[in-house]
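Visitor: Pasting a predicted model and its sequence here:
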Amino acid sequence: MLGRRTASLLAAGVVVLLAAAAIVGIRMSVRRAEPAWQPPPTSGPVPPPPLDGPLPQSPTAATPRVLRVDSTGCAPVEERSFTAAMTLDSVARSEGIPVEIVIRGLGLPADVSRTTPLGTLMREHRFSLQDVQRVVEDYLKHCE
């Protein structure tokens with residue numbers, strides 16, 4: 001049989017476990033009421049909605065543009081999304097800029113393939129999609 005001291009320690013452990021389980025159960029059953037996300041007024045840049053919330057749907061309003069600050073920190077620019085599957089040609093065409101500007105801005109050799117995916121070029125020449133974003137923004141900022 002168990003000694004009296006061992007039995008009392010075992011009983012105390014069971015009580016502690018039951019108390020912890022009760023606290024966890026109570027905490028899980030209480031839902032915190034969070035205010036629903038509301039879109040800001042239509043003037044000015046629109047911040048993105050919270051990650052866990054639904055997107056606001058308004059049939060009368062146009063889809064808002066999400067703006068952020070350019071690489072110099074001076075002016076808001078429209079968010080562009082470049083992917084590693086894009087090519088140098090597709091980046092230049094999508095932004096309406098000469099492909100040579102993108103190549104020179106990224107420090108790539110002049111004879112680099114314009115149809116190779118950016119992902120392959122990024123591994124070979126050590127640049128990132130943020131670098132592509134910066135080159136495009138800087139060119140557009142100085143040409144507008």
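Guide: Now that the structure is in, tell me what you want to look at.
Visitor: which other residues reach stretch 89-97?
Guide: 80, 82, 86, 98-99, 101-102, 114-115, 118, 132, 136, 139-140, 143 (Cβ atoms under 8 Å, 6 or more residues apart in numbering). The way it works is simple: take the backbone N, C-alpha and C, and place the C-beta from them, glycine included.
Visitor: Next, give me the two most distant ones among the residues you listed.
Guide: T115 and C143 (24.9 Å; Cβ to Cβ).
Visitor: ranges for the strands of this structure?
Guide: Along the chain, the segments classed as strands by DSSP state E run 67-69, 76-78.
Visitor: residues near V135, how many?
Guide: 22 (other Cβ atoms under 10 Å).
Visitor: could you point out where the protein is predicted with low confidence?
Guide: For the chain, residues meeting the criterion pLDDT under 70 lie at 1-2, 28-80, 143-144.
Visitor: re the thing from before, separate out the buried members of the contacts of stretch 89-97.
Guide: F82, M86, V99, I101, V102, R114, L118, V132, V136, Y139, L140 (16 or more other Cβ atoms under 10 Å).
Visitor: Which ones among those map onto helices?
Guide: Counting by DSSP state H, the part of those found in helices is V99, I101, V102, L118, V132, V136, Y139, L140.
Visitor: Dump those residues into TSV; add distance to A110 as well.
Guide: Formatted as TSV, those follow (distance: Cβ to Cβ, whole Å):
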residue	distance to A110
V99	11
I101	12
V102	12
L118	17
V132	17
V136	19
Y139	17
L140	22
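Visitor: contacting residues for the closest residue to V135 other than its chain neighbours?
Guide: Leaving aside its chain neighbours, V135 sits nearest to G105 (3.3 Å; criterion: Cβ to Cβ, 6 or more residues apart in numbering). The neighbours of G105, taking Cβ under 8 Å, 6+ apart as the test, are R134, V135, D138, Y139.
Visitor: Just the closest of the contacts of stretch 89-97 to A11, please.
Guide: F82 (63.8 Å).
Visitor: The closest one reaches S128, doesn't it?
Guide: No: if you go by Cβ atoms under 8 Å, F82 and S128 don't touch, sitting 10.0 Å apart.
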